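Colleague: here you go, sequence then predicted model.
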Amino acid sequence: MGFIDWFEAMHQIPLEPVYTGKLLAGLYQDIQQGDFSPGSRIIVLHTGGLQNRFAASP
């Protein structure tokens, strides 16, 4: 299972793979590596961008 599939199953938030998926995958990696101080607040604004992901193929 890839990151996007895992994230969507865990949080019920759909992601697009080009921008938001990569952003969150990188953020999760940074968190796991300890790049943020304990107790830090991280805000990610997911503004959508899912138009092409669920578009029907002609």
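Modeller: Thanks, I have the structure now.
Colleague: okay, CA-based contacts and neighbour counts for the rest of this
Modeller: Will do.
Colleague: as CSV, could you dump the C-alpha coordinates of the lengthiest helix in the chain?
Modeller: Longest helix in the chain, counting residues (DSSP state H): helix 20-32. The C-alpha trace of helix 20-32 is given here as CSV (Å, rounded to 0.1, in the frame of the first residue of the first chain):
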residue,chain,number,x,y,z
THR,A,20,-0.8,17.3,-2.0
GLY,A,21,0.1,13.6,-1.9
LYS,A,22,3.8,14.5,-2.3
LEU,A,23,3.6,17.3,0.3
LEU,A,24,2.0,15.1,2.9
ALA,A,25,4.4,12.2,2.2
GLY,A,26,7.3,14.5,2.7
LEU,A,27,5.8,16.0,5.8
TYR,A,28,5.2,12.6,7.4
GLN,A,29,8.8,11.6,6.5
ASP,A,30,10.1,14.8,8.2
ILE,A,31,8.0,14.1,11.3
GLN,A,32,9.3,10.5,11.5
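Colleague: can you pull the buried residues of it?
Modeller: Neighbour-count burial for helix 20-32 flags 20, 21, 24, 25, 27 (criterion: 16 or more other CA atoms under 10 Å).
Colleague: next one: stretch 5-25
Modeller: 7, 14, 15, 16, 17, 20, 21, 24, 25.
Colleague: any stretches of this structure with poor pLDDT?
Modeller: For the chain, applying pLDDT under 70 flags the ranges 52, 54-58.
Colleague: need the helices for it, in chain order.
Modeller: Counting by DSSP H, the helices of the chain are 3-11, 20-32.
Colleague: make TSV from those helices and add distance to residue 49 to it.
Modeller: Below are the helices of the chain laid out as TSV (distance: least, CA to CA, whole Å):
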stretch	distance to residue 49
helix 3-11	14
helix 20-32	8
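Colleague: how about these, which one is nearest residue 45?
Modeller: Counting by CA to CA, residue 45 lies closest to helix 20-32 out of those; the figure is 9.4 Å.
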